[in-house]
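Asker: here is my input, please return the structure:
(one chain, ligands or ions: 1)
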Amino acid sequence: MGTKVCKFGGTSLADTGQMQKVKRIVQDDADRRFIVPSAPGKREPSDRKITDLLYLCHSTACQKKSFDEPFRLISDRYKQIVNDLGLNLDLQCHLDQICNDIRSGATADYTASRGEYLCGLIMADWLEMPFIDAKEVIHFDSNGQLNIHRTDEAFQNRSKQLKQAVIPGFYGSTPNGKIKTFSRGGSDISGAIVARGVQADVYENWTDVSGLLMADPNIIANPQSIDVLSYRELRELAYMGASVLHDEAIFPVRQAAIPVNIRNTNRPNDPGTMIVPETTPIAHTGTITGIAGRKDFTVIAVEKALMNAEIGFARRLLSILETQNISFEHLPSGIDTMSLVIADTQLNDKLDSLLVEIHHSCHPDSLEVYPDMALVATVGRGMSQTPGMAAKIFTALSSAEVNIRMIDQGSSEINIIVGVHTSDFEKAVRAIYSTFQE
Ligand code: ASP
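Answerer: Now for the predicted structure:
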């Protein structure tokens, strides 16, 4: 028998209808033995997520105000699900306990985690599987970092006797037994940890889209979906803004070489996107995998004659950033030039003092600032082996009259990044996308 871990996101568990779909999906494949639920999400755009309501209860209680109203919305929603599914599950005692805990000063992490906890109890009953509280198997250290060794061990001790289980997402426990959550959207991470813990053959991440798209659908109408990509390609696309999985969800499965399959609960027959380890051979189709991009960067271009021969120049430049606590994203350089590409969120109001420091410590011949820069990354594993890929990108941009302000191929060789003016961002994405559709 194989082992699949299935994480279901908030929209997949938003109401009874969705939970019925989940049950059909789970029953459809006997390998789907470990289920990691999120908390119920929005039923329609104006609806509220259970997790948001729980955070609201916590912050209201902290202000010593009544949180009866948001708590009632939470209770009603869970009770309705239990009722509509016809379950014989007494949630009232759990709800009373949670309400009392919040009243007596429970932490935000504990409070928020109850969304997944309650949903886990319901799913265990509904799917007729044992329930494992995530606090018993997912362990953080005292600094709040995931303790992967202790977590792996906890799974090893358990999973031998376990054929199936429901393990709520989003939280675990610290060495002193306190509940700790991951950052928002963290059930993806829990699913990856469970997949690693039970040595799954595949980690299925069920959501409301049929996988990753080649480009942002807000820019390209009906972009193609990506059938398969490597973890590295995903990392490059995700960093540049493509979002479907939590950033931190990759490392537990990547180390264990477990593929991730993004699936759509509303279209369970769609194969979705497969994210595979670098070691898995994937055909090079001679095209790109995807395009992603981010806006709001500033470039600081530093020029100095004979920079190449000046020992310690780069160190001095970068140590200024370190002292001012600024991280940079890219550092394209030439013989006498070095450009710092910095996200505006990092720069805030530090630009002037940064320039003063660069003048003072590096004595450049010229120092130019280019604000309003957007980065567009074209990602494809076949890029380094396929002649003409870069030419195609640059020709497409020039035909669309997009001025390229920066080029960075990086060392990963699966990514070409171009910097364009923010106002050209969408035009650049469209030009690159269409040239690879021809
Ligand atoms: N329920 C949590 C959130 O809304 C975690 C998750 O859904 O992944 O962030």
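Asker: residue 378 is in what secondary structure piece?
Answerer: Secondary structure here is read from DSSP states H and E; on that basis residue 378 sits in strand 366-379.
Asker: which secondary structure elements does that strand contact?
Answerer: Applying 3 or more Cβ pairs under 8 Å, 6 or more residues apart in numbering; DSSP states H and E, one finds that strand 366-379 contacts helix 231-239, strand 290-303, helix 351-362, strand 404-408, strand 415-421, helix 425-435. All C-beta atoms are positioned from the backbone trio N, CA, C, and that covers glycine.
Asker: so can I have a markdown table of these showing distance to residue 117, mean neighbour count and mean pLDDT?
Answerer: Rendered in a markdown table, the data for the helices and strands packed on strand 366-379 read as follows (distance: least, Cβ to Cβ, whole Å; neighbours: other Cβ atoms under 10 Å; pLDDT from 0 to 100):
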| stretch | distance to residue 117 | mean neighbour count | mean pLDDT |
| --- | --- | --- | --- |
| helix 231-239 | 28 | 22 | 86 |
| strand 290-303 | 34 | 21 | 94 |
| helix 351-362 | 46 | 14 | 94 |
| strand 404-408 | 45 | 17 | 87 |
| strand 415-421 | 40 | 22 | 92 |
| helix 425-435 | 41 | 20 | 96 |
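Asker: quick one, which of those is nearest to the ligand?
Answerer: Set against the ligand and scored by Cβ to the nearest ligand atom, those come closest in helix 231-239, at 15.5 Å.
Asker: before we move on, the earlier item: in the strand holding residue 378, which residues are buried?
Answerer: Of the residues in strand 366-379, those buried under the neighbour-count criterion (16 or more other Cβ atoms under 10 Å) are 370, 372-379.
Asker: and of the helices and strands packed on strand 366-379, who's closest to residue 5?
Answerer: Among the helices and strands packed on strand 366-379, helix 231-239 comes nearest to residue 5, with 16.7 Å by Cβ to Cβ.
Asker: and the buried residues of strand 366-379 near the ligand, which?
Answerer: With the criterion set as Cβ under 6 Å from any ligand atom, no member of those is near the ligand.
Asker: got the CA coordinates for the strand holding residue 378 in CSV?
Answerer: This file holds the C-alpha atoms of strand 366-379, laid out as CSV (Å, rounded to 0.1, in the frame of the first residue of the first chain):
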residue,chain,number,x,y,z
SER,A,366,29.2,58.3,-9.9
LEU,A,367,26.2,57.2,-7.9
GLU,A,368,22.8,57.0,-9.6
VAL,A,369,19.5,56.0,-8.2
TYR,A,370,16.8,54.5,-10.4
PRO,A,371,13.5,54.2,-8.5
ASP,A,372,10.3,52.5,-9.7
MET,A,373,11.9,49.3,-11.0
ALA,A,374,10.0,46.1,-11.5
LEU,A,375,11.7,42.7,-11.9
VAL,A,376,10.3,40.1,-14.3
ALA,A,377,11.7,36.6,-14.0
THR,A,378,11.4,34.0,-16.7
VAL,A,379,12.0,30.6,-15.3
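Asker: need the residues of the chain near the ligand, please.
Answerer: Of all the residues in the chain, those lying near the ligand are 10, 38-39, 49, 51, 115, 169-170, 184-188, going by Cβ under 6 Å from any ligand atom.
Asker: 5 Å instead, please
Answerer: Remark: the part of the chain in contact with the ligand comprises 10, 38-39, 51, 170, 184-185, 187, using Cβ under 5 Å from any ligand atom.
Asker: among the residues you listed, the buried ones, what's the ChimeraX command?
Answerer: Restricted to the buried members of the residues of the chain next to the ligand, where burial is judged by 16+ other Cβ under 10 Å, the ChimeraX selection command reads as follows:
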select :10,38,39,51,170,185,187
